[in-house]
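[1] Quick one: sequence plus predicted model below, questions after.
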Number of protein chains: 2
Amino acid sequence: MTNSAKIKVYQEVLDQIRLFIEENQLSEGDRLPSERELSEQLNAGRSSVREALRAIELLGLIETRHGEGTFLKTYRPYHTVELLATFVLRQPTTKEELLDVRQMIEHECVSRVHTTLTKSDIQNLKSQILELEIPYIHTHVFNYLFQHVGNELLTKIWHLINNFSQTTFSSHLNQDFYLEFIEALSEHNIKQASGQIKKIYEKY
Amino acid sequence: MTNSAKIKVYQEVLDQIRLFIEENQLSEGDRLPSERELSEQLNAGRSSVREALRAIELLGLIETRHGEGTFLKTYRPYHTVELLATFVLRQPTTKEELLDVRQMIEHECVSRVHTTLTKSDIQNLKSQILELEIPYIHTHVFNYLFQHVGNELLTKIWHLINNFSQTTFSSHLNQDFYLEFIEALSEHNIKQASGQIKKIYEKY
DNA sequence: TACATAGTAGTGGTCTGACCACTGATTTCA
DNA sequence: TGAAATCAGTGGTCAGACCACTACTATGTA
């Protein structure tokens, strides 16, 4: 009866912290209340507060400085991704979903961006590609393209998903391939560009 | 000098747990040692062990059952994505961007789902629509459709965005409109169905 | 006055021990 | 035989105690 209704304290603390961040419009670099303060304000033990904070920290959302306090951080999935990698690898379904959505978003990106790219953009990107090593090209290219999409939300989602999928999947296609892809874009040849994207994912 | 070399106990515990999982070839459903055992074996306080476990739990990698123990769980990326999203996406996201992405995802949903819907699905949905009040139709319809999409990650993202946008935007279109929309779907008329979606967003 | 130094308050980091609530198995007893 | 009570093990939570570190303040000396 009282079954699933149990919410753990640390979960609640989590929500409260998130709420606090929103209400006070905190952004990166800002300081959170101390553990003891939170503990008192939220009427929870300090250890529970710490459990919540550690969890958020592991996600890479906050940074903790001994003797100073806890600070909001720009999201950078270092440890997270690494940590997840071992687990994710074992589960083909999730990997497929990840790549599926990523492909969809990248496709959308292409169809949105092809009209806004200037000649010099194309030129820039091409020269950058030549200087990159193969595993980094894909992310870089789309990173670049998304800057011209004009929808930050979409961009953020892509970043999120891209970060997650990176460990288990990286494009093996070389510079030439991406140069062709860009070329198709610059000629407003969406069909071909889309086809190229598909190729990227074909073997997976 | 001793600067960045500081590794927190909970981080170490984290690694040890991961190691334990790998060495013992644990897979989903298997049980981890109890908190007290881990505490003793790893020579760490129970609270530190808990910090690690909570963090892993939040990532969605383990499941904890009161009175029973801690168990490995199937990892689902949308857990993490959802969690991160609430932090990452909360920032200045304009209404336009929100709706833009939502429309895109719904469009994708439609083009994926139109082949998998059965006659009885259609019938079900139609009768449900008739019983709903206008503000709830949209969410309900897509909620239903997404159950047939077969990509939980995409579904989760839609849910998230839908929740975010619901406060600022709700479809004013009536039952008839959505019935037509479903009808188009059942006839595999994606063009029309897509057109309908556009209509929903037209005035915004 | 200027500047190094010592002290101090506040913070995160960690551990211990104590309860509670829950689960599953065991024992007890009608 | 079967239901009920008991018990051991587990997670959930808290309070309190130290430690290590940081930033600031007060102190004292040159």
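    Received the coordinates, thanks. Residues are numbered from 1 along each chain as shown, chains lettered A, B, ... in the order given.

[2] Chain A: strands as residue ranges?
    A:31-32, A:62-65, A:69-72 (DSSP state E).

[3] Tell me how far the shortest one lies from the chain's centre.
    On the basis of CA atoms, centre = their mean, to the nearest Å, the separation between the geometric centre of strand A:31-32 and that of its chain is 23 Å.

[4] Let me see the residues that make contact with that strand.
    Applying CB atoms under 8 Å, 6 or more residues apart in numbering or on different chains, the contact partners of strand A:31-32 are A:17, A:20-21, A:26, A:38, A:62, A:69-72. C-beta coordinates here come from the backbone N, C-alpha and C atoms, glycine included.

[5] Among the residues you listed, the buried ones, what's the ChimeraX command?
    The following ChimeraX line selects those of those that are buried, judged by 16 or more other CB atoms under 10 Å in any protein chain shown:
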select /A:17,21,38,62,70,72
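
[6] Could you dump the contacts of strand A:31-32 into CSV with distance to DNA strand D and pLDDT added?
    CSV is the format used below for these (distance: CB to the nearest atom of the strand, whole Å; pLDDT from 0 to 100):
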residue, distance to DNA strand D, pLDDT
A:Ile17, 14, 92
A:Phe20, 17, 92
A:Ile21, 20, 88
A:Leu26, 19, 88
A:Leu38, 11, 97
A:Ile62, 16, 92
A:Gly69, 9, 96
A:Thr70, 13, 97
A:Phe71, 11, 95
A:Leu72, 16, 92
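
[7] Dump the strands of chain A into CSV; add distance to A:Val101 as well.
    Putting those into CSV (distance: least, CB to CB, whole Å) gives the following:
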stretch, distance to A:Val101
strand A:31-32, 32
strand A:62-65, 27
strand A:69-72, 27
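
[8] Looking at those, spot the one closest to A:Ile56.
    Nearest to A:Ile56 among these is strand A:62-65 (5.1 Å), distances taken as CB to CB.

[9] May I have the closest one exported as PDB, CA atoms only?
    Below are the C-alpha coordinates for strand A:62-65, written out as PDB (Å, rounded to 0.1, in the frame of the first residue of the first chain):
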ATOM      1  CA  ILE A  62      28.500  21.400  -9.600                       C
ATOM      2  CA  GLU A  63      32.000  21.800  -8.400                       C
ATOM      3  CA  THR A  64      33.100  21.500  -4.800                       C
ATOM      4  CA  ARG A  65      36.000  23.400  -3.400                       C
END
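
[10] Show me which of the contacts of strand A:31-32 is closest to B:His138.
    Nearest to B:His138 among the contacts of strand A:31-32, with distances taken as CB to CB, is A:Ile21, at 29.6 Å.

[11] Chain A against DNA strand C: which residues are in contact?
    Residues of chain A lying close to DNA strand C (CB under 7 Å from any atom of the strand) are A:2, A:6, A:32, A:34-37, A:46-47, A:50, A:53, A:64-70.

[12] Which among these count as buried?
    Here, 16+ other CB under 10 Å leaves A:32, A:35, A:47, A:50, A:53, A:64, A:70 buried among the residues of chain A next to DNA strand C.

[13] Next one: the fourth one relative to DNA strand D, how far apart?
    For A:Arg50, the distance to DNA strand D equals 9 Å [CB to the nearest atom of the strand, to the nearest Å].

[14] ok, that residue - contacts?
    So A:Arg50 contacts A:35, B:47, B:51 (CB under 8 Å, 6+ apart).

[15] if I look at the residue sitting nearest the centre point of chain A, how far off is DNA strand D?
    Most central in chain A under CA atoms, centre = their mean is A:Leu160, positioned 1.8 Å from the mean C-alpha point. Using CB to the nearest atom of the strand, one gets 28 Å for the distance from A:Leu160 to DNA strand D.

[16] mind checking which helix or strand of chain A has the lowest mean pLDDT?
    Within chain A, no helix or strand scores below helix A:79-88, which has a mean of 54 by mean pLDDT, DSSP states H and E.

[17] Surely A:Ile182 and A:Ile122 touch.
    Yes: contact between A:Ile182 and A:Ile122 holds when scored by CB atoms under 8 Å: they sit 6.0 Å apart.

[18] Quickly note the distance from A:Ile157 to B:Thr74.
    23 Å (CB to CB, to the nearest Å).

[19] by contact count, what packs against the lengthiest helix in chain A?
    In chain A, with assignment by DSSP state H, the single longest helix is helix A:92-113. Applying 3 or more CB pairs under 8 Å, 6 or more residues apart in numbering or on different chains; DSSP states H and E, one finds that helix A:92-113 makes contact with helix A:134-146, helix A:152-166, helix A:190-202, helix B:77-88, helix B:152-166.

[20] averaging pLDDT over each of those helices, which comes out lowest?
    Per-stretch mean pLDDT for the helices and strands packed on helix A:92-113 is lowest at helix B:77-88 (a mean of 66).

[21] what's the pLDDT at A:Arg54?
    94.

[22] can you pull the contacts of the nearest residue to A:Leu26 once chain neighbours are set aside?
    Using CB to CB, 6 or more residues apart in numbering or on different chains and skipping residues adjacent in sequence, the residue nearest A:Leu26 is A:Leu72, 5.5 Å away. Counting by CB under 8 Å, 6+ apart, A:Leu72 makes contact with A:21, A:26-32, A:61-63.

[23] In chain A, what residue comes closest to DNA strand D?
    Closest to DNA strand D within chain A is A:Gly67: 2.5 Å, counting by CB to the nearest atom of the strand.

[24] Please determine whether stretch A:149-160 lies in contact with chain B.
    Yes: contact of stretch A:149-160 with chain B (CB under 8 Å from any CB of the partner chain) involves A:151-154, A:156-157, A:160.

[25] Tabulate the residues you listed in JSON lines, adding columns for distance to B:Thr118.
    Shown next, in JSON lines, are the residues of stretch A:149-160 next to chain B (distance: CB to CB, whole Å):
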{"residue": "A:Asn151", "distance to B:Thr118": "35"}
{"residue": "A:Glu152", "distance to B:Thr118": "39"}
{"residue": "A:Leu153", "distance to B:Thr118": "34"}
{"residue": "A:Leu154", "distance to B:Thr118": "32"}
{"residue": "A:Lys156", "distance to B:Thr118": "36"}
{"residue": "A:Ile157", "distance to B:Thr118": "31"}
{"residue": "A:Leu160", "distance to B:Thr118": "34"}
